[in-house]
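[1] Structure of the sequence below:
(chains A and B)
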Amino acid sequence: MTYADHMIEHVVLAQIVPLLLLQRRSLRRSPDMPAMMSWLVGVATMVVASLPAVFSVAQHDAGALWTIRAALVISGVLFWRPVRATTSTLSGPMRILYLVCACFVTTLAGAGIAFGAATTDRQIGGLVMWVPCCLIYLSVVLAIVARALRGSMPIASPRQHVTSSSMEWSSHATTTARNSSAPDVYAGGRRTRGHAPCLGRRQLRCADRSGRRAARAGPRAVVRGDSS
Amino acid sequence: MTDAAGLVGREDAGSARAGVRSERLLSWIATVDHKRVGILYLVTILVFFCVGGVEALLIRIQLAKPENAFLSPEAFNQIFTMHGTTMVFLVVMPLLTGFATYLVPLMIGARDVAFPRLNALSYWLLLFGGLLLYVSFVAGGAPDAGWFAYAPLSERPYATSSGLDYWALGLLVLGVSTITSAVNLIVTIVTLRAEGLLIRRLPLFVWMVLVNSFLMLGALPALNASVVMLLVDRLLGGHFFVPQAGALVMPGGSPILWQHFFWAFGHPEVYIMVLPAFGIISEVIPVFSRKPIFGYEFVAASTVAIALLSYGVWAHHMFAVGLGYPADAAFSAASLLIAVPTGVKIFNWIATMWGGSVRFTTAMLFAMGFLVMFTIGGITGVMVAVVPIDWQVTDSYFIVAHMHYVLFGGTAFAVLAGVYYWFPKMSGRLLDERWGAAQFWVTLVGFNLTFFDQHLLGLMGMPRRVFTYPALPYWGALNLLSTIGAFVLGVSILMLLWNIVASLRHGVVAGDNPWNAWTLEWATTSPPPEHNFERLPPVRGRRPLWDLAHPDQRDPDPADATDESSAGASVAGDGSVHLPASTLGMLLFLASEAVFFVFLIIGFIYLRSPNTQRTSASLDPAVTGVYTAVLVASSVTIWLAGRGARVRKGWLAASIVLGALFLVGQGREYARLLDAHVTVSRDTFGSAFYTLTGIHGFHVAAGVLMMLVVVVMAWRSPKPRADSLALESVAWYWHLVDVVWIVIFTVVYLGGRYVR
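    Predicted coordinates:
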């Protein structure tokens, strides 16, 4: 087994397998270990197991090899539990910090191995620890961010408001009335390019025209306006 | 609105009297109002932009024809270095900070930034950092090693004038300015949002400023660390980046280390320079398309993806160095990957316009110009992310063209859109739209005339940074075209300046919300009063002013349901951080400090070699171990000092004594080492050791001073709450200093001895 294979195995055992195992809800119950400990165990195991010295031991000793594999899976589960826990002690920003710090450390270790390496095999090994491993962390970070941004509901909510131009311009009168002190930029001789400005006295005509446009476009106009 | 007219009138009257004028000048100098600081930023940057622009024109005049002798080679080197440095560090980066300083508090409905005085400090550091850079012209020659100052060209033996010292010092000051403003903006956005303005409802500009500020906290320390090392090399005879260690023939430092460190900063920097521009575009396009942004979540989340990926792609600037095929392949893949979230954003903006009622205002024209120009820059970026293409075109004018399409076609177009969009808010008057449209077209033509030909020149093999070139076929003609384009571009900037001056005097009065926009900054007068808002509209979605005007067609908020059912829980899960602003600010600052030390420690480890074994053997881990214990004990005492409701002055005094004792120990060790002729200039170990421990020692000294301040505060002030808050921040700082020392002790004192 080459060092690069060894590192690919690490990523699979310490990241992907635990993430899949944690799909089981029973494993995701609130972690009984402080998050900082989980982080230290996970990251330290990952880094120590990738040391070239440890690799050469594992190459010759099947017992050591299987110990390392088991350690990676167990520490991986411990590492990912606070992030995937159903009721976690970690808030969203802390989960992001947790993963970004892990990414930082594996980047340092991976870059150290890759750039300090004499052989292509070592280089690839270091890069595996660095790039794909970090990408897994970052994907989960993105999932957390995305969830926070859209609240609890799916991205495409079935029914959205209609923002087609006709709706907006026709209801524009209220805004203009409210900001009655605001002068009308477009009506003030400052013509813009494109279609005629749609404020003030011209409003009626405008609304009329965009209404026609909407009618011409048919039902598609509504679909278009439906974007969130 | 009448207020705005009154304000303008008052200003006219005020300028009549000299006394009032000097008072007004003083009020600008002493101001801590984020709006005034923001305007100071923008005006300063406009000046630097014009200086950088003149430098660009000088470059283009020299290159207008083959074998030109308008500038000497030395002058040319200085001018292109200063053009690049000015535009990156004094224009683009602070420009976006300046916009953010002005706009973020307004957009989140706050009265000011979290730390107004720190905000003013950031500005003044920027100004004086810039002046420091420009003093070099009269102090023996400007820097002349290019904006990324590759070692060893930037080292003392090869850059003999003091120009690069000014470059390094100036950048250090600017780096500090950027970090302080990043901390300030993050704390502002986290702690001062209006009620109801949850993180997921932030205007995209604010969101991007938030992400960008984190990017700065992670990236700028890398620059600061490498610039410190360069200064040690240049001023103290260190060996970080000089390949040969002095007169002795021994392996010295590593020029490649400079490249790694510089680009570890430099690539996130590219995104630092463009993310807020994305933010501006994401505000302008929806307003002038009369539609909410398409895919808010995607635009926001992909920004985070870009920010995180940007740390992992720096070596694509180094394909020609010879890092090895696997490294090249990995960085190439990561660089291609980062194009995905960026590319999809373009589609988000196009989809926002799709089916909307597009108003072609000048701001919108520039935003659309941005879409096209930035896409061209992005596509050439994807091209050079492919290793063989990069090998072919690296250091040629192709790269110059690519970079300018991103930075001018991208950022500058976006910023111009922002200028036309927010100028009415800042000044109370609209910029003239006819001049604006004319300026847009002149800019577009001038820009493409200048830079599109440079793609061709690059493909024909014209290298960057040459002061002249032979009369090869087409080279003269294309360069002449490019020079003509540069002057057209210059004219377009003059048009902008004229438009600003004329509109400030005679522009149409804008009113609160001339664009009928939706974010909170338009809910106050133009310009806003000093306290920003009389009254805030309720925020129940991403477009509060739309919701206000159309109560029956409110934007649906995806989490409305959860908000109403479990308001408290959802706020906590939304990312609210329950920390005092001062503590949060300190923690963010410490994060950047930690990154700074990580880079110094990497430098130390990288430069460790068997040849320096003898020097490192002169350390005495046992004695230093005792002082380490002293420092760790001081962390315990400061923790004890902060445990009560009031600051316990006794424990704090004990921490001060222990900290001072550590400094004494370090001083004694230095004295012993210097006796043994272990100096900064002896070898790489000496350079790295003194830099690392010296900077740490400086931090300890600063910590001791801070604790003294807290002791005095605790003695004199009647407000125990303020003291405890101050102590909390100082304690966090002190703990970091301790942790860093434990790492240093392990790596420097124990690592060299027992691990090897």
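[2] I'd assumed B:A363 was in contact with B:E433.
    No: using C-beta atoms under 8 Å, B:E433 makes no contact with B:A363, being 9.5 Å away. All C-beta atoms are positioned from the backbone trio N, CA, C, and that covers glycine.
[3] who has more neighbours, these two?
    Shown here are B:E433 and B:A363; by other C-beta atoms under 10 Å in any protein chain shown, B:A363 has more neighbours (29 against 25).
[4] Break chain A down into its domains, please.
    A:3-150, A:159-174+A:197-228 (automatic domain parsing).
[5] Most tightly packed of those?
    domain A:3-150 (a mean of 18; mean count of other C-beta atoms under 10 Å in any protein chain shown).
[6] How about it and chain B, touching?
    Yes: contact of domain A:3-150 with chain B (C-beta under 8 Å from any C-beta of the partner chain) involves A:91-93, A:100, A:103, A:107-108, A:112, A:114-115, A:120, A:123-124, A:127, A:130-131, A:134, A:138, A:141-142, A:145-146, A:148-150.
[7] what pLDDT, on average, does that domain get?
    Average pLDDT, domain A:3-150: 87.
[8] What distance separates the opening and closing residues of that domain?
    42 Å (C-alpha to C-alpha, to the nearest Å).
[9] same check, this time on stretch A:22-36
    Stretch A:22-36: ends 19 Å apart by C-alpha to C-alpha.
[10] distance of B:F89 from chain A?
    25 Å (C-beta to the nearest C-beta, to the nearest Å).
[11] what about the nearest residue to that residue once chain neighbours are set aside, how many neighbours?
    Spatially, and ignoring its direct neighbours in sequence, B:F89 is nearest to B:L174 (5.1 Å; C-beta to C-beta, 6 or more residues apart in numbering or on different chains). For B:L174, the number of neighbouring residues by other C-beta under 10 Å comes to 28.
[12] likewise B:A477?
    Neighbour tally, B:A477, other C-beta under 10 Å: 11.
[13] Residues of the stretch 101-250 of chain B that sit close to chain A?
    Proximity of the stretch 101-250 of chain B to chain A, by C-beta under 8 Å from any C-beta, involves residues B:199-200.
[14] follow-up on the earlier one: so which of the residues of domain A:3-150 next to chain B are in helices?
    A:92-93, A:100, A:103, A:107-108, A:112, A:114-115, A:120, A:123-124, A:127, A:130-131, A:134, A:138, A:141-142, A:145-146, A:148-150 (DSSP state H).
[15] element containing the closest residue to chain A within the stretch 251-400 of chain B, please.
    Nearest residue of the stretch 251-400 of chain B to chain A (C-beta to the nearest C-beta) works out as B:G355 at 2.9 Å. Under the assignment given by DSSP states H and E, B:G355 is not contained in any helix or strand.
[16] Tell me the pLDDT of it.
    So, for B:G355, pLDDT stands at 90.
[17] B:M250 too?
    59.
[18] returning to that earlier point: among the domains of chain A, which is nearest B:L705?
    Of all those, the one in closest proximity to B:L705, counting by C-beta to C-beta, is domain A:3-150 (29.3 Å).
[19] Let me see the ranges of the helices in the stretch 201-350 of chain B.
    For the stretch 201-350 of chain B, the helices defined by DSSP state H, counting those that start in this stretch occupy B:204-236, B:255-289, B:296-310, B:325-353.
[20] backbone phi and psi for the residue nearest to B:F89, please?
    phi -60, psi -30 (degrees, to the nearest 10).
[21] for B:P470, same thing?
    phi -70, psi 160.
[22] quick one: the strands in chain A?
    Counting by DSSP state E, chain A yields no residue ranges for strands.
[23] could you pull out the helices for it?
    Using DSSP H, helices in chain A cover A:3-11, A:17-21, A:35-50, A:52-60, A:62-84, A:92-115, A:120-150, A:165-170, A:172-178, A:203-217, A:219-225.
[24] which helices and strands does the fourth one pack with?
    In terms of contacts (3 or more C-beta pairs under 8 Å, 6 or more residues apart in numbering or on different chains; DSSP states H and E), helix A:52-60 is packed against helix A:3-11, helix A:62-84.
[25] Indicate which one of the ones you listed is closest to B:V710.
    helix A:62-84 (34.2 Å).
[26] That closest one - contacts with which helices or strands?
    Looks like helix A:62-84 contacts helix A:17-21, helix A:35-50, helix A:52-60, helix A:92-115 (3+ C-beta pairs under 8 Å, 6+ apart).
[27] Break chain B into its domains for me.
    Domain assignment for chain B by automatic domain parsing gives B:1-30, B:31-245+B:255-521, B:581-755.
[28] which one of the ones you listed is the most hemmed in?
    domain B:31-245+B:255-521 (a mean of 21).
[29] what does the stretch 351-500 of chain B have sitting close to chain A?
    Within the stretch 351-500 of chain B, the residues that sit near chain A (C-beta under 8 Å from any C-beta) are B:351-352, B:354-361, B:365, B:430, B:432-434, B:437.
[30] Shouldn't B:S681 be within a helix?
    No: counting by DSSP: H, G, I helix; E, B strand; the rest coil, B:S681 is not part of a helix but coil.
[31] Give the ranges of residues in the stretch 501-650 of chain B that sit below the confidence cut-off.
    Applying pLDDT under 70 to the stretch 501-650 of chain B flags residues B:557-578.
[32] Which parts of it are helices?
    Under DSSP H, counting those that start in this stretch, the stretch 501-650 of chain B gives helices at B:544-549, B:560-565, B:567-573, B:581-607, B:613-616, B:621-641, B:649-675.
[33] now these in JSON lines, with distance to chain A?
    Output for these, formatted as JSON lines (distance: least, C-beta to the nearest C-beta, whole Å):
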{"stretch": "helix B:544-549", "distance to chain A": "4"}
{"stretch": "helix B:560-565", "distance to chain A": "5"}
{"stretch": "helix B:567-573", "distance to chain A": "6"}
{"stretch": "helix B:581-607", "distance to chain A": "7"}
{"stretch": "helix B:613-616", "distance to chain A": "18"}
{"stretch": "helix B:621-641", "distance to chain A": "17"}
{"stretch": "helix B:649-675", "distance to chain A": "24"}
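[34] Dump those helices to JSON lines, plus distance to B:A120.
    As requested, the helices of the stretch 501-650 of chain B are exported to JSON lines (distance: least, C-beta to C-beta, whole Å):
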{"stretch": "helix B:544-549", "distance to B:A120": "29"}
{"stretch": "helix B:560-565", "distance to B:A120": "37"}
{"stretch": "helix B:567-573", "distance to B:A120": "32"}
{"stretch": "helix B:581-607", "distance to B:A120": "15"}
{"stretch": "helix B:613-616", "distance to B:A120": "45"}
{"stretch": "helix B:621-641", "distance to B:A120": "30"}
{"stretch": "helix B:649-675", "distance to B:A120": "29"}
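[35] would you list the helices of chain A in CSV and tack on distance to B:A645?
    CSV is the format used below for the helices of chain A (distance: least, C-beta to C-beta, whole Å):
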stretch, distance to B:A645
helix A:3-11, 49
helix A:17-21, 44
helix A:35-50, 27
helix A:52-60, 50
helix A:62-84, 32
helix A:92-115, 27
helix A:120-150, 35
helix A:165-170, 56
helix A:172-178, 50
helix A:203-217, 63
helix A:219-225, 58
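[36] B:S226 is nearest to which of the ones you listed?
    By C-beta to C-beta (comparing all of those), the closest turns out to be helix A:92-115, at 15.6 Å.
[37] Report the angle between that closest one and helix A:62-84.
    Direction vectors for helix A:92-115 and helix A:62-84, defined by axes from the mean of the first three to the mean of the last three C-alpha atoms, to 10 degrees, enclose an angle of 150 degrees.
[38] Can you find the helix or strand of chain B with the lowest average pLDDT?
    helix B:567-573 (a mean of 37; mean pLDDT, DSSP states H and E).
[39] residues touching residue 146, list them.
    Going with chain A. A:A146 sits next to B:297, B:301 when contact means C-beta atoms under 8 Å, 6 or more residues apart in numbering or on different chains.
[40] my bad, chain B
    B:80-81, B:84, B:153, B:465.
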